[in-house]
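J.: Here you go, sequence then predicted model.
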Amino acid sequence: MSEKKPLVGILMGSDNDYEVMAEAGRALKQFEVPFEMIVSSAHRTPERTAEYVRSARERGIKVLIAGAGAAAHLAGVVAAETSLPVIAVPIDATSLRGLDALLAMVQMPAGIPVATMAIGPAGARNAGLFAVRMLATTDLQLEQKLDEFKQEMAAGVVKKSDRLQEKLRAEGLV
Ligand code: RP5
């Protein structure tokens with residue numbers, strides 16, 4: 001992580017959520033966006049969570065990302081404590097495979113929005129990328145990096161299609 005002051009705060013309900021939430025950190029690192037990451041639970045450490053979120057803005061945090069599994073109230077509780085934008089990542093942590101967390105996060109009552117991503121690693125990566133997009137609205141350099149990233153992704157798809165054509169020919173299917 002960069003030595004610069006963190007712009008994004010990532011919370012997760014348990015250290016067991018780390019493998020998934022690391023994807024958010026990797027996305028931020030890819031764009032050189034400094035972040036911090038803590039374990040704090042809506043249910044097990046409500047005071048710690050509230051204190052962290054209440055102090056986030058004055059510490060320079062612009063976006064918060066909350067990942068949790070089960071009856072996942074973390075993102076909602078975080079959003080209730082701040083007017084910073086909050087991105088939610090539902091985690092597959094129970095026999096309901098993340099559907100419980102997804103519904104808990106996405107079904108927020110009117111007035112307290114959270115931007116809920118997909119369940120699991122893709123959702124965590126998109127949470128990081130979504131935070132980058134938000135920061136890019138006031139950062140031209142970041143916007144340019146995002147444009148390059150999109151172009152690289154598009155080029156990657158074309159390459160995959162080219163490889164597929166070779167494979168089809170090699171297998172005598174076309
Ligand atoms: C949630 O409960 C956490 O976010 C985690 O995904 C789930 C289970 O927590 P552990 O019992 O694994 O610590 O609060």
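T.: Here it is on my side, so go on. If you're wondering where the values come from, they're calculated on a predicted model, not measured in any experiment.

J.: Give the helix, strand or coil label for the residue nearest to the spatial centre of the chain.
T.: Against the mean C-alpha coordinate of the chain, by C-alpha atoms, centre = their mean, the closest residue is Ala127 at 2.2 Å. Put simply, Ala127 is helix when judged by DSSP: H, G, I helix; E, B strand; the rest coil.

J.: Now do the contacts for it.
T.: Ala24, Ala27, Ile65, Gly67, Ile87, Ala88, Val89, Met117 (C-beta atoms under 8 Å, 6 or more residues apart in numbering). (Glycine included, C-beta is placed from N, CA and C.)

J.: what does this protein have sitting close to the ligand?
T.: Contact residues (C-beta under 6 Å from any ligand atom) of the chain with the ligand: Gly13, Ser14, Asn16, Asp17, Ser41, Ala68, Gly69, Ala70, Ile91, Ala93.

J.: Now list the buried members of those.
T.: With neighbours counted by 16 or more other C-beta atoms under 10 Å, the residues of the chain next to the ligand contain buried members at Gly13, Ser14, Asp17, Ser41, Ala68, Gly69, Ala70, Ile91, Ala93.

J.: Excluding sequence neighbours, find me the nearest residue to Met134.
T.: In space, and not counting its chain neighbours, Met134 is closest to Val63: 5.5 Å by C-beta to C-beta, 6 or more residues apart in numbering.

J.: and the one you found, what are its bridge partners?
T.: Per DSSP bridges, the residues bridged to Val63 are Val8.

J.: Now for it, how many residues are close by?
T.: 25 (other C-beta atoms under 10 Å).

J.: re the thing from before, could the residues of the chain next to the ligand be laid out in TSV, adding distance to Glu58, secondary structure and pLDDT?
T.: Below are the residues of the chain next to the ligand laid out as TSV (distance: C-beta to C-beta, whole Å; DSSP: H, G, I helix; E, B strand; the rest coil; pLDDT from 0 to 100):
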residue	distance to Glu58	secondary structure	pLDDT
Gly13	24	coil	98
Ser14	27	coil	98
Asn16	30	helix	98
Asp17	26	helix	98
Ser41	23	coil	98
Ala68	24	strand	98
Gly69	30	strand	98
Ala70	31	coil	98
Ile91	29	strand	98
Ala93	32	coil	98
